[in-house]
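> let's see this in three dimensions:
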Amino acid sequence: MGTRGLKAKITINITLSLFIGMFSINLVTMMTAQRNLIRAEISKGQTIARVLGDHLLLDLFAEDGGAPFAKAKLAETLDEAGVECFLLMGRNAQQISFGVQRCAPQDALVDITQQAFASGQGSVNFMGSTFGFFWWQKKQLVISAPLQANGAVLGAYSIVLPLEGIYQSLRSSQQILFLYIFLNTAILAFLGIYRLFKLYLQPLSRLAQRAEDYKENDGIVFAVRKEDNELQRLSTALNSLLRRLSAEKEKLRATVASLETANAELKKAQTEIIRAEKLASVGRLSAGIAHEIGNPIGIVTGYLELLKPDLPAEERVEYLDRAQKEIERISTIIHQLLEISRPSHDGLQTVSVNALLDDMAQVLQVQPFMSHVRFAMVLDAQQEKIVVDPNQLRQVFLNLIINAADAIASKEAGSRGELIVTTENSCEELPDADSGKTWLHVCFKDNGPGISEENLPNVFDPFFTTKEPGKGTGLGLSVSFMIVESVGGRMWVESNPGQGTVMTVLLPVMEGDCSSR
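Model (predicted):
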């Protein structure tokens, strides 16, 4: 949250809190004042009632001519005292009243007066309703008292005092108080917010600015005044946190450097493993290559013997052509061997898998370990170009073919083996792969003895082999699996004992997708 947003929220909260607090105080004060004013009005009414009972009301029952004068005097006196209406009841249902029409409901006033007459005790009651200074309040105050002479109740009377004057006075005062509330709220909020900004928000802003301007070589970054108390604790904690972060950062740098070194060594070791496995495969091919080279060398030697000085020119040219073809044959064989044994420094290239398999077939068909194997290829894939290191892919295929040939050779003597290599396209939905992608399936299917169920999960583990000591490193399939995975492909094996083995290499095709097929 930004400083500006924090200031706005603090300002709003402080202002609202002050306003609510002052309004609550005002409300309590006004309610207390209203209660006191009503009590004063009750006391006033009781005094008026007591005076009426002592000096005026008994004359109203006299039978001389003074009664009309007393009635007029009574009305004038009560009106001057602020009495809104008056009701007097005697023993013989006599009633003397004035202004009763203003005291609604009249029945309620009569009932209250009769209760005072019957009980011989005075009472204080309220009638009607009107809006006060804040909410609806009682409209009129009713003071009832009995008329007693020598212990006998001669009658009862009630006077009604209006309360609207009290409410009007409170409302007038309330307007002035509201003005003071708003003014005091503004002044107190300004002073409180100013002090809060000065004591806390400005130091926090300085801490935030120093954090933004922090550089790794800075010393103590978060410094505040000693009198800032909690901010001083916050500053100390932040500086301690930065020191720990710096120490952890140095450890992280050392760890990253160590990991980079270990990663480089791991890549180097992987390269050496791939190179070692490749050399092992080349060693298997060397015997067959030497035999294959020996035949054309013998033929060339025979042709050179025939090139005597007395040989006719036509025969000389014929022998030279034949010798040249045999030398070209030797060159092709050596070139193919070099392609297989070359270190993998070419990087990623666009490779035609079908062409690569055709080229390898020419080298492998002359190998002694393939002499008992019928080698066939069915290359049906139309989209078969992939992006890969060609030497590494050649090594993968070579490892799979050599393993298949060795497996076939382990069958009973005299049985002829079969190895079929196929390519085809398919659409696969694989985890961590783009949907709708076209894949190239390269399958190596042999009719060897198969792989036992307990060994099947381990065939891609490093140094796992079922061959006799000295006939395998146990790295061929492991290295092949690693190479295929590195280009985004998949590799798996399917086998049943006695029914042969199918090794499948799944490679992502560079051009086209399933929607275009």
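> quick one: pLDDT of V421?
V421 carries a pLDDT value of 93.
> ok, it - contacts?
Listed by CB atoms under 8 Å, 6 or more residues apart in numbering, the contact set of V421 reads L357, F375, A376, M377, V378, L379, I401, V442, C443, F444, K445. Backbone N, C-alpha and C define where each C-beta goes, glycine included.
> all the strands of the chain, residue numbers only.
Ranges of strands in the chain, per DSSP state E, are 85-90, 95-98, 123-131, 136-149, 152-162, 349-352, 373-379, 385-388, 417-427, 437-446, 490-495, 501-513.
> which one of the ones you listed lies nearest to F19?
Between F19 and the strands of the chain, the shortest separation by CB to CB is 23.6 Å, and it involves strand 123-131.
> dump the contacts of V421 into TSV; add distance to G120 and neighbour count as well.
TSV is the format used below for the contacts of V421 (distance: CB to CB, whole Å; neighbours: other CB atoms under 10 Å):
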residue	distance to G120	neighbour count
L357	129	21
F375	135	17
A376	134	12
M377	131	14
V378	129	12
L379	128	16
I401	130	25
V442	122	28
C443	122	17
F444	125	20
K445	125	19
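> between these, which sits nearest E164?
For these, the nearest to E164 is V442 (104.4 Å; CB to CB).
> bridged to that closest one, which residues?
On the basis of DSSP bridges, V442 is bridged to T423, V505.
> likewise F126?
For F126, the beta-bridge partners under DSSP bridges are L141.
> what's the domain layout of this protein?
For the chain, the TED database gives the domain ranges 2-186, 347-516.
> that older thread, for the contacts of V421, which one is nearest T255?
Nearest to T255 among the contacts of V421 is V442, at 40.9 Å by CB to CB.
> the closest one against M491, yeah?
No. Contact criterion CB atoms under 8 Å: V442 and M491 do not qualify, at 9.6 Å.
> return the helix or strand in the chain with minimum mean pLDDT.
Least confident helix or strand of the chain, by mean pLDDT, DSSP states H and E, is helix 66-80 with a mean of 64.
> check contacts around E424.
Counting by CB under 8 Å, 6+ apart, E424 touches D380, A381, L440, H441.
> format the residues you listed as TSV; extra columns: distance to E418.
Formatted as TSV, these follow (distance: CB to CB, whole Å):
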residue	distance to E418
D380	18
A381	21
L440	23
H441	19
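> which one of these sits closest to F182?
The closest of those to F182 turns out to be L440 (CB to CB; 82.1 Å).
> hmm, that closest one is touching E511, no?
No. The pair L440 / E511 is not scored as a contact, 11.0 Å apart, by CB under 8 Å.
> how far away is W135 from F126?
Using CB to CB, to the nearest Å, we find W135 at a distance of 15 Å from F126.
> which one's more surrounded, those two?
Comparing W135 with F126 by other CB atoms under 10 Å, the one with more neighbours is F126, at 14 against 7.
> so where's the stretch 51-200 of the chain shaky on pLDDT?
For the stretch 51-200 of the chain, applying pLDDT under 70 flags the ranges 55-72, 74, 92-94, 99-105.
> at 80 instead, please
Residues of the stretch 51-200 of the chain meeting the criterion pLDDT under 80: 52-81, 90-107, 132-134, 148-154, 196-200.
> who's in contact with the closest residue to V396 other than its chain neighbours?
Excluding the flanking residues, the one nearest V396 by CB to CB, 6 or more residues apart in numbering is S480, at 4.3 Å. By CB under 8 Å, 6+ apart, the contact list for S480 reads Q395, V396, N399, L400, M491.
> returning to that earlier point: can you say which two of the contacts of E424 are spatially most distant?
Every pair of the contacts of E424 checked by CB to CB; the farthest is D380 and L440, at 10.8 Å.
> and for these two, which residues touch both?
Taking CB under 8 Å, 6+ apart as the contact rule, D380 and L440 both touch T423, E424.
> so which of these two has more stuff around it?
Using other CB under 10 Å as the criterion, D380 and L440 rank with L440 on top: 23 against 11.
> show me what contacts the more buried one?
Residues near L440 by CB under 8 Å, 6+ apart: V353, A381, Q383, E384, I386, T423, E424, N425, L506, L507, P508, V509.
> go again with 10 Å.
L440 is in contact with 353-354, 381-386, 423-426, 489, 505-510, counting by CB atoms under 10 Å, 6 or more residues apart in numbering.
> closest to L163 out of the contacts of V421?
Each of those was scored against L163 by CB to CB, and V442 proved nearest at 104.7 Å.
> so who does the closest one touch?
Contact analysis of V442 by CB under 10 Å, 6+ apart lists 353-354, 356-357, 379, 381, 384, 386, 393, 396-397, 400, 421-424, 484, 489, 491, 503-507.
> cutoff 7 Å now
V353, T423, V505, L507 (CB atoms under 7 Å, 6 or more residues apart in numbering).
> rewinding a little: in a markdown table, list the strands of the chain along with distance to E453.
Compiled in a markdown table, these are given as follows (distance: least, CB to CB, whole Å):
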| stretch | distance to E453 |
| --- | --- |
| strand 85-90 | 114 |
| strand 95-98 | 119 |
| strand 123-131 | 96 |
| strand 136-149 | 93 |
| strand 152-162 | 108 |
| strand 349-352 | 35 |
| strand 373-379 | 25 |
| strand 385-388 | 32 |
| strand 417-427 | 22 |
| strand 437-446 | 18 |
| strand 490-495 | 9 |
| strand 501-513 | 13 |
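> pLDDT score for S344?
55.
> sorry, wrong one. I was asking about S352.
Per-residue pLDDT puts S352 at 91.
> just give the number of residues close to the closest residue to I48 other than its chain neighbours.
Excluding the flanking residues, the one nearest I48 by CB to CB, 6+ apart is A81, at 5.2 Å. By the measure other CB under 10 Å, the count of residues near A81 is 15.
> quick one: A81 from G45, how far?
From A81 to G45 the distance is 9 Å (CB to CB).
> hmm, back to that, make a ChimeraX selection of the buried ones in the contacts of L440.
Per 16 or more other CB atoms under 10 Å, the buried members of the contacts of L440 correspond to this ChimeraX selection:
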select :353,354,381,383,384,385,386,423,425,489,505,506,507,508,509
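> returning to that earlier point: columns distance to L234 on top of the domains of the chain, output as CSV?
Formatted as CSV, these follow (distance: least, CB to CB, whole Å):
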stretch, distance to L234
domain 2-186, 15
domain 347-516, 46
